[in-house]
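> just need the structure, nothing else, for what follows:
(2 chains)
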Amino acid sequence: MSEYHRIHDHLWELPARGPMRVPGRVYASAELMRELRDDPCLEQVRNVACLPGIVGYSMAMPDIHWGYGFPIGGVAAFDPKDAGVISPGGVGFDINCGVRLLRVRGVKEKRMRRKGPELAQALLEAVPAGVGRGGALKLTPEDLDQVALKGAAWMVENGFGRPQDLDHCEEGGQASWAQPKNVSSDAKKRARNQLGTLGSGNHFLEVQVVDEIHDPEGAEHLQLEEGSLTVLIHTGSRGFGHQICDDYLDVMIRASKDYGLELPDKQLCAAPFESGPGQDYFQSMGAGMNFAFANRQLITHRVREVLQEFFGPECDADLIYDVCHNIAKKEEHYVGESKKEVVVHRKGATRAFGPGHPLVPPAYRQIGQPVLVPGDMGRYSYLLLGQEGAERHTFASCCHGAGRRLSRTQARKRSQGRNIQKELASQGICLQAFGRRTVGEEISEAYKDVADVVASVAAAGLARIVARLRPAVVVKG
Amino acid sequence: MVWRFIDHTADVLIEVQGQDWPHLLREAVDAFRAYLTGTDSLADEAKESKDDRLVELEITGEEVADLWVRWWRALLRLWTVEEVYPLGVMELSCTDHRLQAKVATRSLEHLDWELCEDVKAVTWHQAEVQQQSDGFWRGTIVLDL
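As a prediction, the model looks like this:
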């Protein structure tokens, strides 16, 4: 059992002990914390606290669960001027896995629901999902390098989106430090037909209905009201990012030895950010980030095409925001009372700048950065806005999802003998999935209730809840 | 069958047994194929396909567990990069630090994709190889799904 004490109702501290350089901090309600009590993910929070150059706290969001090296839901920042490290284990295999939310106009809920099954089928055809399903866009190696350099901008330049889409993406949809030159040929081969695809597992595309407004002012600013339709896209850098991570684990295991890092877990391998291996990984990870931005941009374009095909030219979808939840970036943050440039790792955590922050797009600067928190396919997702509390206490970070409660096998066992598609249909949710396994693995019971997760971050002052979004059409791999 | 798939949070731990180190490596190939393709044996598939081909693998590692992880990574690379899956090991020579193998492979075009699992990566977590008191070798590997 991990030793911790209460700071306030939604914050718990794991005191520094042994090789820990800083304490750990977990944002969670007492109830969520009770569930975590014996979970090995708390030990992972402690392990991260042992890495060189860590500043502040090794943190975790309420959707924390066990991951490789760093926990999922983990946030940690390192001072590059004090031998601070960068670690692929702090980003994860799916580099820039993330979420984007579109606001749909020109069609009402009733009309959309009448065409639910056909719409779901058309979306699955336009946006391939599932194991082994490639996209229609085949790129030359030169084009792929350009995608890795430019991200979503490459898609917009090539007719798959609008310039204003880029304004509503974290980093403008482009990691400017990306360099594809250190990305392996294996990663490039793996990516060859994966742009515009969802993949499998917990990735999805949903048409949703806004069913609860929690913050009328925020909702009005975002032009959302009860009954509004949205589309939520959750996917990442596919095989391109997976391979970059895999390749650099090897590099970092060697680098950890070269730099004499004592690691409590091999998957925490790392290198000083300013070192050769550190910079090579940072630049290659940037290439992975850009692939993911481009992927979500192409999917957005396909979704717009399908919506117009179904509901006519008056139907359109505007990008509200695109956020990353598996990344490491150089950002300026409070460390104590002063600000400094740190390398912040968010693994299963979302950036959450508050109102007035210069990196929030002008359209949202008054209200704060949109934070997108997907739940599960049978319940709901949430739209939040970042708050100053996140800037002050969590390196401007917030939760990223519900967090898994059951393993895939346990979930499949629970779903045996049930017709999940029918169950969802009885709740007004039309599911179209490529693989039989995925449906069983992704049942609602497999996840924590995301409402509990967002309630915790809101209570802790990291974000404010704007709206709840209920799935109406779900497409999964 | 000398392997089993063990529940592991959101992923899978595969445990393999072999009479000796080379046998463990050979059994890993069958376990890998069974997990990814959703079929335990090759019985349902054509005995031969005209596009079957032999792939030569040469891998080095610092010690047995390191070599074990790298063997699995090479198998996954066949799947994700070469777009083939392994049918079996035709030739194998190995020490604790180095292995050379000729692996028979078949194109992914022959698969029923609905049965297949997506694997992001082979991880170092709980990657172990041990010779047990009964003389058998046991290896474990966790795949990130």
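
> looking at chain A, which helix is longest?
Identified as the longest helix of chain A according to DSSP state H is helix A:276-311.

> now the element after that one, going C-ward?
Remark: after helix A:276-311, the chain's next helix or strand is strand A:316-324, criterion DSSP states H and E.

> ramachandran angles for residue B:135?
Main-chain torsions, residue B:135, degrees, to the nearest 10: phi 90, psi -20.

> against residue B:2, how distant is the residue nearest to it when sequence neighbours are not counted?
In space, and not counting its chain neighbours, residue B:135 is closest to residue B:19: 7.7 Å by Cβ to Cβ, 6 or more residues apart in numbering or on different chains. For every residue, glycine as well, the C-beta is placed using N, CA and C. In this view, residue B:19 and residue B:2 are 9 Å apart by Cβ to Cβ, to the nearest Å.

> can you check residue A:158 too?
Taken as Cβ to Cβ, the span from residue A:158 to residue B:2 is 51 Å.

> now swap in residue A:457 and tell me
Residue A:457 is 47 Å from residue B:2, where distance means Cβ to Cβ.

> and these two? Which one has more around it.
Neighbour tally, residue A:457 and residue B:2, criterion other Cβ atoms under 10 Å in any protein chain shown: the higher count belongs to residue A:457, 32 against 16.

> ok, the more buried one - contacts?
Neighbouring residues of residue A:457 by Cβ atoms under 8 Å, 6 or more residues apart in numbering or on different chains: A:10, A:27, A:61-62, A:384, A:398-399, A:463.

> just confirm it is within a helix.
Yes - assigned with DSSP: H, G, I helix; E, B strand; the rest coil, residue A:457 falls within a helix.

> leaving out sequence neighbours, find the closest residue to residue A:179.
If you skip the residues right next to it in sequence, residue A:179 has residue A:283 as its closest partner in space, 3.6 Å away by Cβ to Cβ, 6+ apart.

> number of nearby residues for the one you found?
Other residues near residue A:283 number 18, with proximity taken as other Cβ under 10 Å.

> can you pull the contacts of it?
Listed by Cβ under 8 Å, 6+ apart, the contact set of residue A:283 reads A:177-179, A:181-182.

> ok, the most centrally placed residue in chain B - contacts?
The centroid of chain B falls nearest to residue B:29 when counting by Cα atoms, centre = their mean (3.2 Å). Going by Cβ under 8 Å, 6+ apart, residue B:29 touches B:75, B:86, B:88-89, B:103.

> equivalent analysis for residue A:13, please.
Counting by Cβ under 8 Å, 6+ apart, residue A:13 makes contact with A:4-7, A:23-26, A:57.

> go on, residue B:57?
Contacts of residue B:57 by Cβ under 8 Å, 6+ apart are B:74, B:99-103.

> also near chain A: which of those residues, exactly?
Checked against chain A using Cβ under 8 Å from any Cβ of the partner chain, the contacts of residue B:57 give no members in range.

> in helices, which of the contacts of residue B:29 fall?
Among these, the ones falling in helices (DSSP H) are residue B:75.

> now the contacts of residue B:29: which count as buried?
B:75, B:86, B:89, B:103 (16 or more other Cβ atoms under 10 Å in any protein chain shown).

> wait, which of those is closest to chain A?
Of all the buried ones among the contacts of residue B:29, chain A sits closest to residue B:75, with 13.0 Å by Cβ to the nearest Cβ.

> and that closest one, what does it touch?
The contact partners of residue B:75, taken as Cβ under 8 Å, 6+ apart, are B:28-29, B:32, B:86, B:103.

> so where is the chain shaky, pLDDT-wise?
Reading this off chain A. Across chain A, the ranges flagged by pLDDT under 70 are A:1-2.

> chain B was what I was after
In chain B (pLDDT under 70), the answer is B:1, B:10, B:40-48.

> spell out which parts of it neighbour chain A.
Close to chain A, as judged by Cβ under 8 Å from any Cβ, chain B has residues B:7-12, B:73, B:77, B:80-81, B:108, B:111, B:113-114, B:116-118, B:120-125, B:144-145.

> are any of those residues buried, and if so which?
Buried subset of the residues of chain B next to chain A (neighbour count, 16+ other Cβ under 10 Å): B:8-12, B:73, B:77, B:80-81, B:108, B:111, B:116-118, B:120-125, B:144-145.

> take the residues you listed and keep only those in strands.
Within those, residues falling in strands by DSSP state E are B:8, B:11-12, B:121-122, B:144.

> what's the farthest-apart pair in those?
B:8 and B:121 (14.0 Å; Cβ to Cβ).

> circling back to that earlier point, buried set for the longest helix of chain A?
Counting neighbours by 16+ other Cβ under 10 Å, the buried set in helix A:276-311 is A:277-304, A:306-308, A:310-311.

> please apply the same query to stretch A:406-421.
Quick answer for stretch A:406-421 (16+ other Cβ under 10 Å): A:406-412, A:415, A:420.

> now, which of these lie close to chain B?
Restricting these to those near chain B - Cβ under 8 Å from any Cβ - leaves A:407-410.

> which ones are touching residue A:445?
Contacts of residue A:445 by Cβ under 8 Å, 6+ apart are A:405-406, A:411, A:414.

> can you redo those as TSV with secondary structure?
Below are the contacts of residue A:445 laid out as TSV (three-state DSSP):
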residue	secondary structure
A:405	coil
A:406	coil
A:411	helix
A:414	helix
